[in-house]
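Participant: sequence? don't have it. structure:
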C-alpha cells in the first residue's frame, strides 16, 4: 500500500535512513516534538514585534521542515526569515506563520502512520 503525501516529500528521509522504518519513526517523532516549540517562539516574536528574533526562529525551524520535505513551509520560513530580518512586508508575517502552522498539522496527519 503506497501512501499519498500532499505536503511531505518523504524521499529525502527515506534515503537518509536507508528506508529504515524505526529510524524514520524516531526522526518523525523528534519533528513532532520540536516544531510546536519553534512555532511557539515564532508566535512569541511575531506578537512582540521582535523582528530579529523572529528571523532567527524562522531560520532555526527551516531545517526541520526541510528534513521532512515540506517544501511549502521551507519556502514560507525563508520568506519570513528574510522579510523579518530586513523588516519588509511586515503585514505578510501573520499569514506566513499561520500557513506554516496549518501545513505542519496537515503534514503530521500524513506522517502519523509512519510513527
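Facilitator: Perfect, I can see it now. All of these numbers come straight from a predicted model, not from anything done at the bench.
Participant: check which residues of stretch 105-115 are buried.
Facilitator: By 16 or more other Cβ atoms under 10 Å, the buried positions in stretch 105-115 come out as 107-108, 110-111, 114. All C-beta atoms are positioned from the backbone trio N, CA, C, and that covers glycine.
Participant: now, the residues you listed that are in helices?
Facilitator: Of the buried residues of stretch 105-115, the ones assigned to helices by DSSP state H are 107-108, 110-111.
Participant: quick check: the farthest pair among these?
Facilitator: Maximum pairwise distance among these (Cβ to Cβ): 7.2 Å, between 108 and 110.
Participant: any idea which helix or strand carries residue 19?
Facilitator: In this structure, residue 19 sits in neither a helix nor a strand according to DSSP states H and E.
Participant: how about low-confidence regions in the protein?
Facilitator: Flagging of the chain using pLDDT under 70 yields the residue ranges 1-3.
Participant: and the residue nearest the centre of it?
Facilitator: Against the mean C-alpha coordinate of the chain, by Cα atoms, centre = their mean, the closest residue is residue 65 at 3.6 Å.
Participant: that one and residue 107: what is the separation?
Facilitator: From residue 65 over to residue 107 the distance is 8 Å, taken as Cβ to Cβ, to the nearest Å.
Participant: joint contacts of the two?
Facilitator: Between them, residue 65 and residue 107 share these contacting residues under Cβ atoms under 8 Å, 6 or more residues apart in numbering: residue 73.
Participant: need the helices for the protein, in chain order.
Facilitator: Secondary structure of the chain (DSSP H): helices located at 11-16, 21-47, 51-67, 71-86, 93-111.
Participant: buried residues in the third one, which are they?
Facilitator: Using 16+ other Cβ under 10 Å as the burial criterion, the residues of helix 51-67 that qualify are 51, 53-62, 64-67.
Participant: by contact count, what packs against it?
Facilitator: The elements that helix 51-67 packs onto, with contact taken as 3 or more Cβ pairs under 8 Å, 6 or more residues apart in numbering; DSSP states H and E, are helix 11-16, helix 21-47, helix 71-86, helix 93-111.
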